[in-house]
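**Student:** mind folding the following:
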Amino acid sequence: MIDLNKLHVFNVVAQAGSFSAAADRLYITQSAVSQHIKELETGLGRQLFQRGRRGVRLTPHGEILQRYARDIFALVARAEAALTDVAHLSGGRVSIGATPGVAVYLAPEWIQRFRDHYPQLTVALQTGVTAQIVPEVLAGRLDMGLIEGELEAFAGQARLAWQPLAEIEQWVVVGAGHPWAGRGEVRLEELDGRPMIMRPPGSQTRAWLDGALRARGVAPAVATEYDNLESMKRSAAQGTCLTVLPEYVVRAEVAAGALAALAVEGRPLTRTLKLVWAADAYLSPVARAFLAKLSVEFPALRPLVDTDGE
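**Tutor:** Model prediction:
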C-alpha cells in the first residue's frame with residue numbers, strides 16, 4: 001500500500017521540479033526527500049523521476065502516479081472540509097501574504113473580524129511585494145495572498161489561481177497647506193512637471209504609476225522616493241509635494257485634516273485587489289473559514305468558499 005506521506009513528498013517534488021526545492025517546501029533535508037522517493041519507487045517497482053543536473057522530471061509512470069495523487073489529495077481535502085467543525089477546533093492556523101498597503105491598512109480589520117468569531121485560531125500575516133508573495137504561495141509556505149500588484153510576470157504560471165476582489169482607486173494626496181487642498185478633483189495632466197513623492201525605482205507600484213502617467217504624456221518631477229507608505233504620507237503632509245495613494249491609506253489623515261485626497265478626473269488610476277492561491281492546492285478548513293468571513297465584504301469569494309476551488 002502506498003504511504004500517504006511518501007505520496008505527499010512525491011507530489012511536492014513533482015511540483016517543485018527538484019529534490020532540493022521540495023526539501024525547502026517540506027522543511028526536511030534533501031537526503032530525506034531522496035530516501036522517500038527511493039522507497040516509493042522500490043515499493044512500486046517503477047522509476048518515477050528522470051534525474052538530471054537541472055532537477056528532475058516525471059517519467060510516464062510518474063505522470064500516472066501524479067494524476068492519482070491529485071485525485072487522492074483532493075478527496076482527502078473534501079473529506080476534511082465536510083467533516084471539520086472549525087468553531088470547535090482547539091487550534092489551527094492560516095497563513096496569509098499581503099502587499100504593504102493591504103497588510104497595514106486593510107488586513108488587520110479583516111483578521112480581527114475572523115478572530116472575534118474564532119478566538120482559538122491563529123492568523124499569520126506576512127507583508128511583502130507581489131513578486132515575493134506569489135512564489136511563497138506556490139511553494140505552499142503561504143495559504144493565500146491578498147495583493148494589489150499586477151500579475152503579468154506570472155502569466156505563464158499555470159499553477160497560479162487568482163480572483164479579483166475590488167477595484168482600488170488611487171487618489172492624488174496633498175498636505176493641508178497645499179494650494180490644491182480645497183479641490184475635490186484634478187485632471188491627471190495637471191501632475192505634469194509637479195514635484196512628486198514616489199516609490200523607489202524598481203518597485204512594482206512605481207513601474208505601474210510611471211506607465212499610467214507616461215500613457216497620458218504626464219512627467220512629474222520626482223522630488224523624493226520612499227520605500228514605505230507612512231514616510232510618503234508624512235512627507236506630503238509637511239511639504240508642497242504631492243503623491244498618489246489609495247484612499248484607504250490616507251483615510252485617517254484626511255478625516256483629521258492633515259491631508260487632502262483628490263479624485264482624478266475620469267478615474268484613470270485604479271489597481272485590482274486580488275486573492276491568489278495555488279490552483280493545485282486545497283484550502284484547509286481554517287483557510288476556508290477565513291475566506292468565508294472575507295466573502296461578506298467580497299461576494300466574489302463565495303464560490304471558492306463553497307466548493308474549495310472545484
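**Student:** alpha carbons only for contacts and neighbour counts from here, please
**Tutor:** Will do.
**Student:** check contacts around residue 218.
**Tutor:** Residues near residue 218 by CA atoms under 8 Å, 6 or more residues apart in numbering: 188, 189, 191, 192, 193.
**Student:** pLDDT wise, what is it at?
**Tutor:** Reading off the confidence values, residue 218 has pLDDT 96.
**Student:** could you do the one 4 residues further on as well?
**Tutor:** Residue 222 is assigned a predicted lDDT (pLDDT) of 96.
**Student:** mind telling me what element it is part of?
**Tutor:** Per DSSP states H and E, residue 222 falls inside strand 221-225.
**Student:** alpha carbons only: can I get that strand in CSV?
**Tutor:** Extracted in CSV, the C-alpha atoms of strand 221-225 (Å, rounded to 0.1, in the frame of the first residue of the first chain):
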residue,chain,number,x,y,z
ALA,A,221,9.2,66.0,-11.2
VAL,A,222,10.4,63.3,-8.8
ALA,A,223,11.2,65.1,-5.6
THR,A,224,11.6,62.3,-3.1
GLU,A,225,11.5,58.5,-3.1
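**Student:** let me know the outermost residue of this protein.
**Tutor:** Each residue of the chain has a distance to the centre, and by CA atoms, centre = their mean the biggest one is for residue 45: 40.7 Å.
**Student:** please report phi then psi for that residue.
**Tutor:** Main-chain torsions, residue 45, degrees, to the nearest 10: phi 70, psi 30.
**Student:** ok, it to residue 61 distance?
**Tutor:** The spacing between residue 45 and residue 61, counted by CA to CA, to the nearest Å, is 10 Å.
**Student:** can you pull out the strands in the stretch 1-150 of the chain?
**Tutor:** Along the stretch 1-150 of the chain, counting by DSSP state E, counting those that start in this stretch, strands occupy 49-52, 55-58, 93-98, 122-127, 144-147.
**Student:** so which of those is the most surrounded?
**Tutor:** With neighbours defined by mean count of other CA atoms under 10 Å, none of these is more surrounded on average than strand 144-147, at a mean of 27.
**Student:** pairing partners for it, with directions?
**Tutor:** strand 93-98 (parallel), strand 270-278 (antiparallel) (DSSP bridges).
**Student:** give me the mean pLDDT for the first one.
**Tutor:** Throughout strand 93-98, pLDDT has a mean value of 97.
**Student:** before we move on, what about the longest one?
**Tutor:** Model confidence over strand 270-278, given as mean pLDDT, is 96.
**Student:** need the residues that contact the very next helix or strand once past that strand.
**Tutor:** Following strand 270-278 in sequence order, the next helix or strand is helix 285-294 (DSSP H and E). Helix 285-294 is contacted by residues 80-81, 84, 86, 92-94, 110, 113-114, 121, 143, 301-302, 305, 308 when judged by CA under 8 Å, 6+ apart.
**Student:** so how do I select the buried members of these in PyMOL?
**Tutor:** Of the contacts of helix 285-294, the buried ones can be selected in PyMOL as follows, counting by 16 or more other CA atoms under 10 Å:
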select buried, resi 81+86+94+114+121+143+301+302+305+308
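**Student:** for residue 195, see how far away the closest residue to residue 175 other than its chain neighbours is.
**Tutor:** Nearest residue to residue 175 in three dimensions, chain neighbours excluded: residue 237, at 4.0 Å (CA to CA, 6 or more residues apart in numbering). Look at residue 237 and residue 195: by CA to CA, they are 14 Å apart.
**Student:** need the residue closest to the centroid of this protein.
**Tutor:** By CA atoms, centre = their mean, the mean C-alpha position of the chain lies nearest to residue 145, the distance being 2.5 Å.
**Student:** find the nearest non-adjacent residue to that residue, please.
**Tutor:** Spatially, and ignoring its direct neighbours in sequence, residue 145 is nearest to residue 97 (4.4 Å; CA to CA, 6+ apart).
**Student:** quick check, that neighbour in contact with residue 140.
**Tutor:** No: assessed by CA atoms under 8 Å, residue 97 is found out of contact with residue 140, at 11.5 Å.
**Student:** list the helices and strands the helix or strand where residue 303 lies packs on?
**Tutor:** Assessed by DSSP H and E, residue 303 sits inside helix 302-307. Contacts defined by 3 or more CA pairs under 8 Å, 6 or more residues apart in numbering; DSSP states H and E place helix 302-307 against helix 285-294.
**Student:** just how off-centre is the helix it packs on within its chain?
**Tutor:** Remark: helix 285-294 is offset 15 Å from the chain centroid, using CA atoms, centre = their mean, to the nearest Å.
**Student:** residues of stretch 27-35 that come out buried?
**Tutor:** Within stretch 27-35, the residues that qualify as buried are 30, 33, 34, counting by 16+ other CA under 10 Å.
**Student:** distance between the strand holding residue 222 and the chain's centre?
**Tutor:** In terms of CA atoms, centre = their mean, the centre of strand 221-225 is set 28 Å apart from its chain centre.
**Student:** ok, now stretch 53-72?
**Tutor:** The chain centroid and the centroid of stretch 53-72 are separated by 27 Å under CA atoms, centre = their mean.
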